[in-house]
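> Next comes the sequence, and after it the predicted model I'd like to discuss.
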Protein chains: 2
Amino acid sequence: MTSPSGSTASATPLRLGVAGLGTVGAGLITLLRDNADLITARAGRPVEVTAVAARDRNRDRGIDVTPFRWYDNATDLVSDPNVDVIVELIGGADGTARLLVESALTAGKPTVTANKALIALHGETLARLSERHKAPLLFEAAVAGGIPAIKTVREGLAADRILWIGGILNGTCNYILTAMRETGRDFADVLAEAQALGYAEADPSTDVDGIDAAHKLTILASLAFGNPIIFDSVHVEGIRHIGALDFSFARTLGYRIKLIGLARRNEYGIEARVAPCLIPEASPIAQVDGVFNAVITEGTFVGRLMVEGRGAGAGPTASAVAADLIDLARNTTAPVWGTSSSELKSVRSRPASEREGAFYIRLTVTDRPGVIADIAAILRDCGVSLNSMIQHPSARTDQDVSLVLVTHPTREAGMQHAVDKISALPVVLSAPVLVRIENL
Amino acid sequence: MTSPSGSTASATPLRLGVAGLGTVGAGLITLLRDNADLITARAGRPVEVTAVAARDRNRDRGIDVTPFRWYDNATDLVSDPNVDVIVELIGGADGTARLLVESALTAGKPTVTANKALIALHGETLARLSERHKAPLLFEAAVAGGIPAIKTVREGLAADRILWIGGILNGTCNYILTAMRETGRDFADVLAEAQALGYAEADPSTDVDGIDAAHKLTILASLAFGNPIIFDSVHVEGIRHIGALDFSFARTLGYRIKLIGLARRNEYGIEARVAPCLIPEASPIAQVDGVFNAVITEGTFVGRLMVEGRGAGAGPTASAVAADLIDLARNTTAPVWGTSSSELKSVRSRPASEREGAFYIRLTVTDRPGVIADIAAILRDCGVSLNSMIQHPSARTDQDVSLVLVTHPTREAGMQHAVDKISALPVVLSAPVLVRIENL
């Protein structure tokens, strides 16, 4: 391996066994070929694929796989003596991917993965395996694709105390929300278009229900706060309930609607949550549109920092995987969660009900005198203070009217209680849409 | 030092000798004290100041320096056996700062600096010294303060081929240009205010004439393209010639005015330049206002990436210096320019006259028939194709009128030739204001 100051570039290649030859796997092979000259210079030695594993040997992937030794079983890559590093691009929190990464680390083989679910759910166990067997585990590609988010948090901001971290972590949702805002169309309509364009899967639930963003937030928050967050404790909401009308109201109020993953630490603990939020439209993160991702954070010394870029796709993801490979070749890898695993202690996110913040509530109500008085009384009784109330002229029929309430900062438990009571009023015609307001 | 997997946290502290106790030096000492717990965990061992050097021992810096060994001569820090790492926070391309860094590296002591002028002017020599003596040289704080710009380019994007890199690299200029746009005031007026607020120096020329931004661009471009750029070959313009009227015209045309450092590589070489530019107002970098900095780049695989944050100040700069110290403590440092110095070859920037791009030209002319025909004829004769021409209603007096021409993309040499001829017309009443348009 090269010395830290790079003086002894060696010609011994770093030999890879790549498991999974989907879009990212094919992208990585292309990148390592196209950029071989500069990767060799920066890594101090060549970085080469020697073996691959995938299910179907005969599928056309647009790349030539004949130069590589082929394995039908990914875990067989681990025992190949000509494989120095395992690259896991299979995906999924368990099954083959988990088995492969655990066997690779146990065998002392450095491992690079783009698998957000695996790291989010099993990160603490894997960190201990990595440390015990002195086998680095790298996963830059698991969060925000081509954005070096992991490196930024774990190394770039290593000296600072992070107050909160979050961002726009799912390109599919950001594409859908951007298109809804720009065109005034409904969720189902825009989702169908995103599926036709390849920006959303046939089964879109992992994306549109917020799970993918929650995996990434769990990883970012674990790094930022130095302790693995227990994934099941993260509060997750998707974007299916956001309607065309909400964009119209948000615009009137000076906000944009984004699916935001956000984790904050205070004296009581860490609160991590993925949910649609209203963000002031002048905020930098409100400007991040389409399939772009962004990570935003604030540290006590560094202040606010935002990184924006392509969060998915073959090129950006392959770039992140290959950057990890260069770190491995240089022998400049950091511990999995930034500290020795003896320092680690998994923590639960505090329940969302303990959040204190402002809310947007959209109601469809019968257009009749006294309705607003009834709603206002419920809010008062639940200790929720009202900031403003608006009706949208275009959202009014003969019988019913859409109205939006904006509250002052309030405890979420009280707000939820008020919404339950409001929902039960006979004049309230459909389920209230409740969206948090975050001044990011 | 810790192993890469972080398993052997050692209690042996990393001992620093800090030269220069201005704002950043005092900020670093504060940060290392306030964040000692997490820095120890992330570095695998304590990071402690043991000695300091500054000119005036009795100045009140708001920090207690009595625990540290004091040196009047910074270079004496190098021979202190209790100093493991030199931290150079004196500043300046030559003089004490250069002497200190060269002696530290020659003595094999790892060195961290925030000195952009030193790295921009002497980066190649220092890289060779660093490599020869196996003494890492780190300078994250030299570019864009708290933004981990160096790490992002050198490590995060190490696997990709960068097409261009640039950004808003001087907070003083960005503050002045933002205030001019928001208030309609003139340069001199806003500069005086910035000086009163401490955002600009008494002698503001290093900032407002673009030199500071050029130092930072030189470093970024050297990293991005893998070869040190010769600083003197970088084209540098400041912002003194931009008037209140330009903001008004730019708004009408859908642009914002930003001081942009930009370096591009093409088949002919690298072109690096600092100059005010018109940027489409919908572009992410056009939204970066006030004292904030941003670095933007595009790679063949990663696509576009932008990082935005605080580019100066004690806290952000100290955070960057301390992140370098953690990398040193972990022994995870990269070569100065990302490759072995045997790969390095200093290169000159191509002259700006070879740029091909669109231009904005503001002219003050006598309000008389035939003027526009004369100007249009000159442009035609110089091979410059006109895209649009506007007059601003408010910028018209009885005798003269301000008009703005926007060209199609054209060779800069031809444009400059046309402007020289236009300036010589008797009806042209003051020096034309020429601003490049960049679709970043």
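On my side now, so go ahead.
> I figured A:Thr333 hits A:Pro136, correct?
Yes - using CB atoms under 8 Å, A:Thr333 is in contact with A:Pro136, at 4.0 Å. (Glycine included, C-beta is placed from N, CA and C.)
> who's in contact with A:Ala194?
A:Thr172, A:Tyr175, A:Ile176, A:Ala179, A:Ala200, A:Pro204 (CB atoms under 8 Å, 6 or more residues apart in numbering or on different chains).
> Name the SS class of the nearest residue to A:Thr218 once chain neighbours are set aside, please.
For A:Thr218, ignoring the flanking residues on the chain, the nearest one in space by CB to CB, 6 or more residues apart in numbering or on different chains is A:Ala120 at 4.1 Å. Per DSSP: H, G, I helix; E, B strand; the rest coil, the local secondary structure of A:Ala120 is helix.
> what about the residue of chain A most remote from its centre, is that helix, strand or coil?
Note on chain A: the largest C-alpha distance from the chain mean falls to A:Pro369, namely 45.2 Å (CA atoms, centre = their mean). Following three-state DSSP, the label given to A:Pro369 is coil.
> How about the backbone phi and psi for it?
phi -60, psi 140 (degrees, to the nearest 10).
> on that earlier part again, A:Thr333 and A:Pro136: which has the busier surroundings?
When neighbours are counted by other CB atoms under 10 Å in any protein chain shown, A:Thr333 and A:Pro136 differ, and A:Pro136 comes out ahead with 26 against 22.
> So what does the more buried one look like in phi/psi?
The phi/psi pair for A:Pro136 (degrees, to the nearest 10) is phi -60, psi 140.
> ok, now which ones touch the residue nearest to A:Ile260 when sequence neighbours are not counted?
Nearest in space to A:Ile260, with sequence neighbours left out and distances taken as CB to CB, 6+ apart, is A:Cys277 at 4.4 Å. Contacts for A:Cys277 (CB under 8 Å, 6+ apart) come out as A:Ile257, A:Lys258, A:Leu259, A:Ile260, A:Leu262, A:Val435, A:Arg436, A:Ile437, A:Glu438, A:Leu440.
> For chain A, name the helix or strand with the lowest mean pLDDT.
strand A:386-396 (a mean of 79; mean pLDDT, DSSP states H and E).
> any idea how far A:Glu201 is from the residue nearest to A:Ile260?
Distance, A:Cys277 to A:Glu201, using CB to CB, to the nearest Å: 24 Å.
> so where do the helices sit in the stretch 51-200 of chain A?
A:95-106, A:116-132, A:149-151, A:171-183, A:187-197 (DSSP state H, counting those that start in this stretch).
> Can you add distance to B:Asp64 and mean pLDDT and give the ones you listed back as CSV?
Formatted as CSV, those follow (distance: least, CB to CB, whole Å; pLDDT from 0 to 100):
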stretch, distance to B:Asp64, mean pLDDT
helix A:95-106, 46, 98
helix A:116-132, 37, 96
helix A:149-151, 34, 98
helix A:171-183, 48, 97
helix A:187-197, 59, 95
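> Could you single out the most deeply buried of those helices?
helix A:149-151 (a mean of 27; mean count of other CB atoms under 10 Å in any protein chain shown).
> From the contact counts, what lies against that helix?
helix A:211-225 (3 or more CB pairs under 8 Å, 6 or more residues apart in numbering or on different chains; DSSP states H and E).
> Quick one: mean pLDDT for stretch A:22-42?
Regarding stretch A:22-42, the rounded mean pLDDT is 96.
> got the domain boundaries for chain A?
Split into domains by automatic domain parsing, chain A comes to A:14-146+A:319-343, A:149-310, A:354-437.
> of the contacts of A:Ala194, closest to chain B?
A:Tyr175 (15.0 Å; CB to the nearest CB).
> so who does A:Val87 touch?
A:Val87 sits in contact with A:Leu16, A:Gly17, A:Val18, A:Ala19, A:Leu28, A:Thr111, A:Val112, A:Thr113, A:Val321, A:Leu325, where contact means CB under 8 Å, 6+ apart.
> now chain A, which segments are flagged as low pLDDT?
For chain A, the stretches with pLDDT under 70 are A:1-10, A:393-398.
> about what we covered before: what's the most distant pair in the contacts of A:Ala194?
A:Ala179 and A:Pro204 (13.9 Å; CB to CB).
> one step back: can I get the domains of chain A in JSON lines with distance to B:Ala373?
Putting the domains of chain A into JSON lines (distance: least, CB to CB, whole Å) gives the following:
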{"stretch": "domain A:14-146+A:319-343", "distance to B:Ala373": "51"}
{"stretch": "domain A:149-310", "distance to B:Ala373": "42"}
{"stretch": "domain A:354-437", "distance to B:Ala373": "51"}
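> Surely A:Ile29 is in contact with A:Thr50?
No - applying CB under 8 Å, one finds A:Ile29 not in contact with A:Thr50, separated by 11.7 Å.
> of these two, who's got more company?
Set A:Ile29 next to A:Thr50 and count neighbours by other CB under 10 Å: A:Ile29 wins out with 23 against 19.
> mind listing what that one touches?
Per CB under 8 Å, 6+ apart, neighbours of A:Ile29: A:Val18, A:Leu21, A:Val49, A:Ile63, A:Val65.
> Just give me the closest of the residues you listed to B:Ala418.
So of these, ranked by how close each gets to B:Ala418 (CB to CB), first place is A:Ile63, at 49.7 Å.
> What residues are bridge-paired with the closest residue to A:Asp84 other than its chain neighbours?
With sequence-adjacent residues excluded and distances taken as CB to CB, 6+ apart, A:Asp84 is closest to A:Arg15, at 4.7 Å. On the basis of DSSP bridges, A:Arg15 is bridged to A:Glu48.
> how close does A:Arg15 get to A:Val85?
7 Å.
> of the two, who's got more company?
Neighbours were counted for A:Arg15 and for A:Val85 using other CB under 10 Å; A:Val85 has more, 24 against 17.
> Kindly state the beta-bridge partners for the more buried one.
A:Leu16.
> That one against A:Pro110, yeah?
Yes - using CB under 8 Å, A:Val85 is in contact with A:Pro110, at 4.9 Å.
> Now for these two: what residues contact both?
Contacts common to A:Val85 and A:Pro110, judged by CB under 8 Å, 6+ apart, are A:Leu328.
> how close does the spatially closest residue to A:Asp289 that is not a sequence neighbour sit to A:Ile296?
Nearest non-adjacent residue to A:Asp289, counting by CB to CB, 6+ apart: A:Thr178, 4.4 Å away. According to CB to CB, A:Thr178 stands 17 Å off from A:Ile296.
> try A:Ile422
Taking CB to CB, one finds A:Ile422 at 32 Å from A:Ile296.
> tell me which strands and helices the host helix or strand of A:Leu403 is in contact with?
Following DSSP states H and E, one finds A:Leu403 within strand A:400-407. If you count contacts as 3+ CB pairs under 8 Å, 6+ apart, strand A:400-407 packs onto helix A:244-253, strand A:356-366, helix A:371-381, strand A:386-396.
> ok and the first one relative to strand A:356-366, angle-wise?
On the basis of axes from the mean of the first three to the mean of the last three CA atoms, to 10 degrees, helix A:244-253 is oriented at 120 degrees to strand A:356-366.
> okay, how far is it across stretch A:87-107, tip to tip?
14 Å (CA to CA, to the nearest Å).
> so how far is it from its chain's centroid?
Chain-centre distance of stretch A:87-107: 20 Å, with CA atoms, centre = their mean, to the nearest Å.
> and if you look at stretch A:362-369?
For stretch A:362-369, the distance to the chain centre is 37 Å (CA atoms, centre = their mean).
> Next, the buried residues of that stretch.
A:Arg362, A:Leu363, A:Thr364, A:Val365 (16 or more other CB atoms under 10 Å in any protein chain shown).
> So which of these is the closest to B:Met389?
A:Arg362 (47.9 Å).
> Run through the bridge partners of the closest one.
Going by DSSP bridges, A:Arg362 forms beta bridges with A:Val404, A:Val433.
> In contact with it, which residues are there?
A:Gly243, A:Leu245, A:Asp246, A:Phe249, A:Ser402, A:Leu403, A:Val404, A:Pro432, A:Val433, A:Val435 are the contacts of A:Arg362 under CB under 8 Å, 6+ apart.
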